[in-house]
Each structure stands twice: as structure tokens, then as C-alpha cells.
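*Asks:* Can you look at this prediction? I've put the sequence above it.
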Amino acid sequence: MVSPSLNEHPYTKQLDEYIRLAEFKVGSDVPDFELPDKDGKTFKLSSLRGKYVLIDFWASWCGPCMREMPNVVKLYKECKGKNFEIVGVSLDQKRDAWLNAVEKNKMKWIQVSDLKSWATAPVKLCNVSAVPYTVLIDPQGKVIALELRGEELISKVKEVFEQKITGIHEIYILIIGLMGILAFPAEAKERATVISAEIYGYVRDKCILIFWRKRELIWNSPYKRGR
């Protein structure tokens with residue numbers, strides 16, 4: 001029998017961390033973290049819960065990062081205000097280099113850094129081994145996609161929004177259908193002048209199907225939360 005004290009051994013903890021990092025993939029929960037923003041205020045990732053978030057790991061000294069930045073700027077302009085936010089995590093060690101790059105490249109989204117380069121906490125939490133590196137997460141804080149760049153990045157984010165809109169439209173169908181069924185449940189079956197039994201059954205079954213498929217979206221709807 002293995003002694004419980006081994007759970008606190010440094011090697012055991014290191015092994016647990018290796019396992020966690022290996023399992024960081026699409027569908028994983030993104031651990032919360034906090035870092036100072038460019039104004040020195042503390043930013044917490046969890047403060048954006050309820051929004052789609054792109055975490056962009058970059059550095060001013062990284063050539064590929066700077067070449068990729070116009071795509072991120074384009075994405076931000078096209079998706080700003082659509083329940084979407086970008087968090088730039090800089091791996092710079094010099095504050096001036098970091099802030100100059102932010103201003104020069106017109107990076108107007110949230111920017112954070114503790115100037116610890118590869119030792120900054122989110123690098124380890126998100127298993128970052130090279131930059132640029134992106135993590136796209138959903139409103140519940142789960143990973144949707146990793147390492148997106150260029151047009152693939154922009155198209156993926158737009159695809160996510162299109163799926164969201166489709167889901168909302170289906171919820172509207174659900175609500176309208178339920179209103180109709182509740183308004184005349186008995187009459188719908190009996191009076192062909194109002195609605196045939198076949199249509200009644202179709203609407204009922206469709207509503208149940210949509211409700212089941214979109215139950216998570218409904219539970220997390222801003223209307224349900226009173227926003």
C-alpha cells in the first residue's frame with residue numbers, strides 16, 4: 001500500500017502537473033489566473049466568464065507574433081461588442097518594449113503581463129511551449145480551440161458566433177412552439193381548423209428535440225440570468 005505522505009512528495013506533485021498539462025486540450029477547463037494590466041490594475045480571467053475569450057500569448061521580441069498581430073487586430077475590429085474579448089498575455093521582460101509594441105500595433109484589447117517571460121503563471125497553466133499561441137474559450141471557461149492563426153483564427157471565431165446565433169433562433173422556435181401548445185393543448189388535437197394533430201405532434205417533438213440539444217445554451221442564457 002502506498003503511503004498517503006507520498007502525495008505531498010515533490011516528485012509526485014511534478015508528475016501530477018505533467019499529467020494535467022498533457023490533458024490540456026479542447027474541452028478542458030481553463031484555470032483562472034490574474035496578472036497586472038498595462039495600467040497596473042489586477043486582471044482576473046474569471047472576470048470575463050460569460051463571454052467568448054481569446055487568450056493570445058505573444059511577445060514584442062517574437063517576429064512571428066508581430067507578423068500575426070494584424071490578423072488579431074482584424075479579428076478584434078470585426079468581433080468587438082459581440083460577447084467576445086481578447087486577452088493579450090505578453091512574455092516580455094521589459095515594460096517599455098511591451099507597451100511600445102501594444103501602441104505601435106494598435107492592440108486595443110486587454111493587455112496583461114508580470115514581465116516574467118516564460119515564468120508567468122498562464123504559460124504553465126495553458127501548457128504554452130512557443131509563441132504566438134492562442135487559446136479560444138467559451139462562456140463557461142472551456143477550451144474551444146488551440147493554436148489558431150491567420151484566417152483560420154478569424155473563420156473559427158466567426159463560426160462559433162454563427163453557431164450561437166443558430167442556437168438562439170432555435171430557442172425562439174422552441175418558445176413560440178411551447179406558447180402555441182400551452183395556448184390550446186386539447187384544441188390542437190381536436191380542431192383541424194386550428195391546427196392538425198400531425199402539426200401539433202411535429203411542433204411538440206421539435207420543441208423537445210431543440211430543448212434537449214440546446215439545454216446548456218438555455219441554462220446559460222443572459223435572459224435567464226437577468227442580464
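*Replies:* That came in fine, so what should we check first?
*Asks:* Torsion angles phi and psi at Pro70?
*Replies:* Torsion angles at Pro70 (phi, psi; degrees, to the nearest 10) stand at phi -60, psi -30.
*Asks:* Is it correct that Cys79 is in contact with Val157?
*Replies:* Yes. At 5.9 Å, Cys79 and Val157 qualify as touching, with contact defined as CB atoms under 8 Å. Yep, even glycine has a C-beta here, placed from its N, CA and C like the rest.
*Asks:* So which of these two has more stuff around it?
*Replies:* Between Cys79 and Val157, counting by other CB atoms under 10 Å, Val157 is the more crowded of the two (22 against 19).
*Asks:* okay, how far is it across stretch 140-157, tip to tip?
*Replies:* End-to-end distance for stretch 140-157, by CA to CA, to the nearest Å: 16 Å.
*Asks:* Enumerate the positions of it that are buried.
*Replies:* 141, 143-146, 148, 153-154, 156-157 (16 or more other CB atoms under 10 Å).
*Asks:* mean confidence for it?
*Replies:* Rounded to a whole number, the mean pLDDT of stretch 140-157 is 93.
*Asks:* Would you mind listing the outside residues contacting that stretch?
*Replies:* Outside stretch 140-157, the residues that touch it by CB atoms under 8 Å, 6 or more residues apart in numbering are 24-30, 32, 46, 49, 52, 54, 68, 71-72, 74-75, 78-79, 84, 132-138, 160, 216, 220.
*Asks:* try it again with 7 Å
*Replies:* 25-30, 49, 68, 71, 74-75, 79, 132-138, 160, 220 (CB atoms under 7 Å, 6 or more residues apart in numbering).
*Asks:* and the buried residues of stretch 140-157 as TSV, adding secondary structure?
*Replies:* Formatted as TSV, those follow (DSSP: H, G, I helix; E, B strand; the rest coil):
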residue	secondary structure
Gly141	coil
Val143	strand
Ile144	strand
Ala145	strand
Leu146	strand
Leu148	coil
Leu153	helix
Ile154	helix
Lys156	helix
Val157	helix
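*Asks:* Closest one to Val89 out of these, please.
*Replies:* Leu146 (14.3 Å; CB to CB).
*Asks:* As a check, name the ranges of all strands in this protein.
*Replies:* 34-36, 42-44, 52-58, 84-90, 110-112, 133-137, 143-146 (DSSP state E).
*Asks:* Return the residues in contact with Thr120.
*Replies:* 35, 89, 91, 114 are the contacts of Thr120 under CB under 7 Å, 6+ apart.
*Asks:* hang on, the earlier thing: report the two of the buried residues of stretch 140-157 separated the most.
*Replies:* Pairwise over the buried residues of stretch 140-157, using CB to CB, the maximum falls at Gly141 and Ile154, 22.3 Å.
*Asks:* Neighbours of Leu48, how many?
*Replies:* 20.
*Asks:* Ignoring the adjacent residues along the chain, who's closest to Asn105?
*Replies:* Met69 (4.8 Å; CB to CB, 6 or more residues apart in numbering).
*Asks:* Over to Asp138?
*Replies:* Per CB to CB, 6+ apart, closest to Asp138 is Ile144, 5.3 Å.
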